[in-house]
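Engineer: my questions are about this predicted structure, shown below with the sequence.
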Amino acid sequence: MDVRKLRLFDTWSTHSSEDRDEYEKDYARLIQSPAFRRLQGKSQVFGAGTGDYYRTRLTHSLEVSQISRELAKRLRRQYPFLANNEHPGLTLEPEVVEIAALAHDLGHPPFGHKGEEVLNRLLTREHGLPYEGNAQNFRILMFLEKRAGSGSGLDLTAAVLLGINKYPFPLGDTGHLKGVYPTEWEGISYLRDIWGMPEGKATIEAQLMDLCDDIAYSTHDLEDGIRAGKIQMNRSFFEDEWLENHVIQEILDDPGNGHLGWETIDLRQTVRRVLDEFLREWEAVYADCGGESSRARREIKARWVGKFAQGVGIVDDPAGGWKKVTFVRDGATDWKLLRTMEILKKLAWVTLIKDFRVQRLQKRSEIMLERLWDSFKEPQAGRLILPPDWIESYERQKANWPWERMVADYIAGMTDAYAEKVYAELFASRTGSIYERD
């Protein structure tokens, strides 16, 4: 038995062509799923529908998948052990990484990170339940999505499920802020045990996908920010002490990047170096492009993606006797490049997410989600205004599916536009027709 192609719930009733590879089936199941299509209507940074230029969750996922697949091919040539099947978690197949990258953001609700924050706050405060985007990925893939012949989600292969699982922990009383809900962790843990995965370690494929997500985030969001005029490519903007101070503060306030060893370096000097380097590169690119901003934006993005991609490698992880996908220089972790990427991510966060207009949009989103939640959270009232198929699913599964989790699933699956539509139906004076199909 090939444990990498094992499916948790596959049965004889599954209707799929036998002349396709298992990963080809996974790819088809994913891109033809409603959850994948909805990514086109979910915010990346700017609200979906803000303009025809800016990235959505869908275009972001496609870009991450392209970077992931190309890097997987290069790493397989560079590190022969990856193709030797020494261990199912130390194998790297480009198709698997590509599919994992396409699926990595399915669990994000409407309105970007603000939506995730609001749902988590409401569920935690009122019911002691977490909401977390990575965990919601597995709820969608392993339960909520439906396909012909199966009532168990998309039933993807073990390699793809574990390739998405960049936080291999159960959520709950474990102290981890990111991971997998207990209901889905049972299946993920079962697969990890069959594979013999070390506790707390992600597969090589999951690590690569995660790093490529960071590469895309730290470069593509900056391109959008330059296009929107939020990042002004001139010296007065980049040399403003306000920008430097806020990037530093975001680094200090983020508990998730403490492993980068900021305390061992001169943080202010490092931030200033990266900001100066980014601006100098822009000035050179802008001149090479004859002063054409559109070309310059695409070129500087491509150069930084290339710079980060060329630095990706694999080193031994002495802490757990495993392998680690990271930036590598001279056979060791390249901490300088890792910090550079983190600083560029914080530059995007400070200039885009912290912009007061984006904050206004997020406040509006918060109000809408809170009022939608209040409308649906009581079962007696919610049953009258939720779609019938959701009520039917709840009735079948209510022994292991509490009402409040179902409501969170429903809201989380909305696109930005659909959330606004439902909000308008409930709270605006008049909109559309009652005969519109949901």
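Structural biologist: Looks like it arrived, so ask away. Residues are numbered from 1 along each chain as shown.
Engineer: need the contact list for the residue nearest to residue 21 when sequence neighbours are not counted.
Structural biologist: Excluding the flanking residues, the one nearest residue 21 by Cβ to Cβ, 6 or more residues apart in numbering is residue 95, at 7.8 Å. The way it works is simple: take the backbone N, C-alpha and C, and place the C-beta from them, glycine included. By Cβ atoms under 8 Å, 6 or more residues apart in numbering, residue 95 lies in contact with 21, 23, 24, 27, 69.
Engineer: any figure for the gap between residue 291 and residue 195?
Structural biologist: 54 Å (Cβ to Cβ, to the nearest Å).
Engineer: same deal with residue 372?
Structural biologist: 40 Å.
Engineer: same question, residue 424
Structural biologist: On the measure of Cβ to Cβ, residue 424 and residue 195 end up 48 Å apart.
Engineer: tell me which of the two has more neighbours.
Structural biologist: Between residue 424 and residue 195, residue 195 has the larger neighbour count (other Cβ atoms under 10 Å), namely 18 against 14.
Engineer: near residue 404, how many other residues are there?
Structural biologist: Neighbour tally, residue 404, other Cβ under 10 Å: 20.
Engineer: my read: residue 219 touches residue 307, true?
Structural biologist: No: using Cβ atoms under 8 Å, residue 219 is not in contact with residue 307, being 9.1 Å away.
Engineer: more neighbours: the two, which one.
Structural biologist: Between residue 219 and residue 307, counted using other Cβ under 10 Å, the more crowded position is residue 219 (25 against 16).
Engineer: what's the closest non-adjacent residue to that one?
Structural biologist: Here the residue nearest residue 219, using Cβ to Cβ, 6+ apart, is residue 304, at 4.6 Å.
Engineer: for the one you found, grab the count of nearby residues.
Structural biologist: Count around residue 304 with other Cβ under 10 Å applied: 21.
Engineer: distance from the helix or strand hosting it to the middle of the chain?
Structural biologist: For residue 304, the host element (DSSP states H and E) is helix 293-311. Taking Cα atoms, centre = their mean, to the nearest Å, one finds the center of helix 293-311 at 21 Å from the center of the full chain.
Engineer: name the surrounding residues that touch it.
Structural biologist: So helix 293-311 is contacted by 67, 70-71, 215-216, 218-220, 222-223, 226-227, 281-282, 285-286, 288-289, 327-329, 334, 337, 341, 344 (Cβ under 8 Å, 6+ apart).
Engineer: and those residues, which are buried?
Structural biologist: 67, 71, 215-216, 218-220, 222-223, 226-227, 282, 285-286, 289, 327-328, 334, 337, 341, 344 (16 or more other Cβ atoms under 10 Å).
Engineer: and residue 14, what's its pLDDT?
Structural biologist: For residue 14, the model assigns a pLDDT of 46.
Engineer: quickly note the distance from residue 82 to residue 159.
Structural biologist: Taking Cβ to Cβ, one finds residue 82 at 13 Å from residue 159.
Engineer: between those two, who's got more neighbours?
Structural biologist: Neighbours per residue (other Cβ under 10 Å) separate residue 82 from residue 159, with residue 159 holding more: 30 against 20.
Engineer: for that one, what are its contacts?
Structural biologist: So residue 159 contacts 4, 5, 23, 88, 91, 93, 96, 203, 205 (Cβ under 8 Å, 6+ apart).
Engineer: just the element for the last one, please.
Structural biologist: Following DSSP H and E, one finds residue 205 within helix 204-228.
Engineer: quick one: low-confidence parts of the protein?
Structural biologist: Residue ranges of the chain with pLDDT under 70: 11-19, 44-53, 148-151, 173-174, 429-438.
Engineer: for the stretch 51-200 of the chain, which segments count as helices?
Structural biologist: Here the stretch 51-200 of the chain has its helices, by DSSP state H, counting those that start in this stretch, at 57-78, 94-103, 112-127, 133-139, 158-164, 182-195.
Engineer: turn those into CSV, including distance to residue 295.
Structural biologist: Listed next are the helices of the stretch 51-200 of the chain as CSV, based on distance: least, Cβ to Cβ, whole Å:
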stretch, distance to residue 295
helix 57-78, 18
helix 94-103, 27
helix 112-127, 28
helix 133-139, 34
helix 158-164, 35
helix 182-195, 44
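Engineer: just confirm residue 246 is within a strand.
Structural biologist: No: counting by DSSP: H, G, I helix; E, B strand; the rest coil, residue 246 is not part of a strand but helix.
Engineer: would you check that it makes contact with residue 354?
Structural biologist: Yes: here residue 246 reaches residue 354: they are 7.1 Å apart, a contact under Cβ under 8 Å.
Engineer: any idea how many residues pack against the closest residue to residue 254 other than its chain neighbours?
Structural biologist: Distances taken as Cβ to Cβ, 6+ apart place residue 346 nearest to residue 254, at 7.8 Å, with adjacent residues excluded. When neighbours are defined as other Cβ under 10 Å, residue 346 has 22 of them.
Engineer: again, but for residue 240
Structural biologist: For residue 240, using other Cβ under 10 Å, the count is 13.
Engineer: mind checking how far it is from residue 22?
Structural biologist: 53 Å.
Engineer: the residue lying closest to residue 288 once chain neighbours are set aside - how many residues pack around it?
Structural biologist: Once flanking residues are discounted, residue 288 sits nearest to residue 299: 7.2 Å by Cβ to Cβ, 6+ apart. Per other Cβ under 10 Å, the neighbour tally for residue 299 reads 19.
Engineer: ok, residue 348 next?
Structural biologist: Neighbours of residue 348 under the rule other Cβ under 10 Å: 22.
Engineer: contacts only, for it.
Structural biologist: Here residue 348 is in contact with 45, 217, 218, 221, 222, 225, 231 (Cβ under 8 Å, 6+ apart).
Engineer: ok, now which ones touch residue 161?
Structural biologist: Counted by Cβ under 8 Å, 6+ apart, residue 161 has contacts 8, 138, 141, 142, 187, 188, 191.
Engineer: test my guess that the third one contacts residue 104.
Structural biologist: No: proximity of residue 141 to residue 104 does not meet the contact threshold set by Cβ under 8 Å, at 10.7 Å.
Engineer: need the residues touching each of those two.
Structural biologist: Contacts common to residue 141 and residue 104, judged by Cβ under 8 Å, 6+ apart, are residue 164.
Engineer: pull the number of nearby residues for residue 34.
Structural biologist: Neighbours of residue 34 (other Cβ under 10 Å): 11.
Engineer: ok, residue 400 next?
Structural biologist: 8.
Engineer: residues touching the closest residue to it other than its chain neighbours, list them.
Structural biologist: Leaving aside its sequence neighbours, residue 400 sits nearest to residue 183 (Cβ to Cβ, 6+ apart; 6.5 Å). By Cβ under 8 Å, 6+ apart, the contact list for residue 183 reads 139, 143, 400.
Engineer: kindly report the same for residue 350.
Structural biologist: 243, 246, 247, 250.
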